[in-house]
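A.B. asks: sequence-free structure coming up:
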């Protein structure tokens with residue numbers, strides 16, 4: 001593994017942090033490219049990215065600390081040592097989403113356009129970031145005798161490289177969403193599909209993961225399963241609610257529409 005890409009004395013460039021930075025940069029770059037399609041200004045893309053990243057870091061750290069409080073109860077100052085790791089993805093995702101929604105309302109942007117614009121970028125950033133997890137040797141899976149099993153330095157047996165599974169799954173999701181994007185039928189479709197497929201991926205891979213979120217609470221069910229199921233459920237509700245509204249619009253119940261690249265996407 002390569003937790004430090006470069007180390008020079010007390011200075012270290014951590015691979016985990018670098019991969020997160022690259023993932024965020026690619027997500028913002030991709031957002032800027034498609035923003036005109038959604039009628040969103042470049043300044044709004046930058047401000048949304050900044051707000052969501054900061055909130056995501058704080059929310060991810062907070063939930064991790066709360067769910068692993070025994071590690072910090074007697075050394076509370078280590079809560080602020082972010083460089084030593086310890087983040088909850090679901091905590092970061094929820095906090096980032098709320099920060100984005102707050103800024104959307106403040107700027108009076110179309111929330112569904114912003115969500116659809118962001119959905120493929122979220123999948124891309126997550127996929128790149130998980131490469132950092134692999135390099136750092138965290139978020140690994142359960143023991144396996146498969147030929148592609150990886151033996152991390154602190155483990156006695158090969159385990160599933162669930163970090164790389166995550167990267168492949170979310171790169172596939174990014175590809176799917178970008179192929180659907182030009183044919184988007186209604187506002188919120190891409191975001192709802194992201195929640196559905198991303199939640200499904202996380203639910204399935206939770207069976208292979210090891211770590212705090214993968215501790216069983218009911219048989220094989222883990223906290224990760226519950227969070228992933230909630231994400232999928234929200235996605236399904238959003239998808240069918242937004243699609244139903246489209247059908248109502250087409251029936252004449254609500255004639256408003258928003259043109260996107262020559263098409264009416266209600």
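C.D. replies: Thanks, I have it. Bear in mind the structure is a predicted one, so any value in this text is a computation, not a measurement.

A.B. asks: Residue 51 and residue 225, how far apart?
C.D. replies: 30 Å (Cβ to Cβ, to the nearest Å). Where you see a C-beta, it was placed from the backbone N, CA and C, and this is true even at glycine.

A.B. asks: and what of residue 192?
C.D. replies: Distance from residue 192 to residue 225, by Cβ to Cβ: 20 Å.

A.B. asks: Looking at those two, which is more packed in?
C.D. replies: Between residue 192 and residue 225, counted using other Cβ atoms under 10 Å, the more crowded position is residue 192 (24 against 20).

A.B. asks: same question for the lengthiest helix in the chain, mean pLDDT?
C.D. replies: For the chain, the helix with the greatest residue count under DSSP state H is helix 223-250. Computed over helix 223-250, the mean pLDDT rounds to 91.

A.B. asks: now swap in stretch 20-33 and tell me
C.D. replies: Average pLDDT, stretch 20-33: 94.

A.B. asks: Any idea how far it is from the middle of the chain?
C.D. replies: Counting by Cα atoms, centre = their mean, to the nearest Å, stretch 20-33 is centred 13 Å from the centre of its parent chain.

A.B. asks: Can you give me every residue that contacts the closest residue in space to residue 178 that isn't next to it in sequence?
C.D. replies: Leaving aside its sequence neighbours, residue 178 sits nearest to residue 120 (Cβ to Cβ, 6 or more residues apart in numbering; 5.2 Å). Listed by Cβ atoms under 8 Å, 6 or more residues apart in numbering, the contact set of residue 120 reads 30, 174, 177, 178, 181, 190, 194.

A.B. asks: Which of the residues in the helix or strand hosting residue 120 are classified as buried?
C.D. replies: Under the criterion of DSSP states H and E, residue 120 resides in helix 111-136. For helix 111-136, the neighbour count (16 or more other Cβ atoms under 10 Å) marks 112-136 as buried.

A.B. asks: next one: it to chain centre, how far?
C.D. replies: 5 Å.

A.B. asks: Going along the chain from it, find the next helix or strand for me.
C.D. replies: Downstream of helix 111-136, the next assigned helix or strand under DSSP H and E is helix 162-180.

A.B. asks: And the average pLDDT for the helix or strand following that following helix is what?
C.D. replies: Note on helix 162-180: by DSSP H and E, the next helix or strand toward the C-terminus is helix 189-205. For helix 189-205, mean pLDDT is 96.
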